[in-house]
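Asker: fold the following.
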Amino acid sequence: MKGSSVTLKRGTIVKNIRLSDDEDVIECNADKVNGLVLKTCFLKKV
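Answerer: Sure, this is the predicted structure:
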């Protein structure tokens, strides 16, 4: 992950998902990272 000292591994659960103006990214919170922005092409809905 760029700009952070925390490494997120595959399968990490993110919570508090918020949609942004750009449909290619979402804003969310992970266990140790707040204000995280993720690209939707790397996400999987469970």
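
Asker: how far away is Thr40 from Ser5?
Answerer: Per C-beta to C-beta, to the nearest Å, Thr40 is found 25 Å from Ser5. Yep, even glycine has a C-beta here, placed from its N, CA and C like the rest.

Asker: looking at these two, which one has more neighbours?
Answerer: Thr40 (13 against 7; other C-beta atoms under 10 Å).

Asker: ok, the more buried one - contacts?
Answerer: Applying C-beta atoms under 8 Å, 6 or more residues apart in numbering, one finds that Thr40 lies in contact with 23-26.

Asker: Ser20 and Lys45: what is the separation?
Answerer: Following C-beta to C-beta, the distance that separates Ser20 from Lys45 is 17 Å.

Asker: tally of neighbours for Gly35?
Answerer: Other residues close to Gly35 by other C-beta under 10 Å number 8.

Asker: just Lys15 next, same as before
Answerer: Going by other C-beta under 10 Å, the residues that sit close to Lys15 add up to 8.

Asker: so it makes contact with Cys28?
Answerer: Yes - between Lys15 and Cys28 a contact is recorded at 6.9 Å, counting by C-beta atoms under 8 Å.

Asker: do a quick rundown of the strands in the chain.
Answerer: Remark: strands assigned in the chain by DSSP state E are 15-19, 25-29, 36-39.

Asker: circling back to that earlier point, can you lay out the contacts of Thr40 as TSV showing distance to Val33 and neighbour count?
Answerer: Formatted as TSV, the contacts of Thr40 follow (distance: C-beta to C-beta, whole Å; neighbours: other C-beta atoms under 10 Å):
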residue	distance to Val33	neighbour count
Glu23	22	8
Asp24	19	9
Val25	15	15
Ile26	14	17
